[in-house]
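[1] here are the coordinates; sequence isn't available:
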């Protein structure tokens with residue numbers, strides 16, 4: 001599966017049962033995966049939309065390898081270790097990164 005397809009599958013899971021994103025502010029999270037085009041997860045009206053490229057100004061940008069991305073989506077990435085060793089780069093508020101990680105774990 002491509003990064004885009006994986007994000008679409010995640011969005012489908014979330015949108016089928018949006019209980020864990022209720023009350024979330026509308027915002028964009030951007031993923032920059034090595035060797036891939038940027039992708040955005042857009043939280044909008046308690047739903048998630050996947051956008052290719054960078055159509056919106058993201059509140060958080062996460063840069064990582066495809067392997068780290070896979071682990072992030074499955075809830076098995078040790079984000080602290082990945083961040084400390086440079087395998088995960090965060091541009092934006094760390095609190096938002098932790099919030100996104102928590103949401104992703106609930107749907108993995």
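    Cool, the structure landed. Bear in mind the structure is a predicted one, so any value in this text is a computation, not a measurement.
[2] so which residue of this structure lies furthest out from the middle?
    Relative to the centre of the chain, the most outlying C-alpha is that of residue 85, 19.5 Å out, by CA atoms, centre = their mean.
[3] that one and residue 64, how far apart?
    11 Å (CB to CB, to the nearest Å). Any C-beta I mention is one placed from the backbone N, CA and C, and that applies to glycine too.
[4] over to residue 76?
    Using CB to CB, one gets 13 Å for the distance from residue 76 to residue 64.
[5] do residue 13 as well
    Residue 13 sits 20 Å away from residue 64 when distances are taken as CB to CB.
[6] more crowded one of those two?
    Under the neighbour definition other CB atoms under 10 Å, residue 13 and residue 64 were set side by side, and residue 64 has more, 23 against 14.
[7] quick one, what contacts the nearest residue to that one once chain neighbours are set aside?
    Once flanking residues are discounted, residue 64 sits nearest to residue 88: 4.9 Å by CB to CB, 6 or more residues apart in numbering. Counting by CB atoms under 8 Å, 6 or more residues apart in numbering, residue 88 touches 62, 63, 64, 68, 77, 79, 82.
[8] same list, those, but as TSV with secondary structure, pLDDT and distance to residue 17 please.
    Written out in TSV, the entries for those read as follows (DSSP: H, G, I helix; E, B strand; the rest coil; pLDDT from 0 to 100; distance: CB to CB, whole Å):
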residue	secondary structure	pLDDT	distance to residue 17
62	strand	98	23
63	strand	98	29
64	strand	98	26
68	helix	96	26
77	coil	92	22
79	helix	90	24
82	helix	94	27
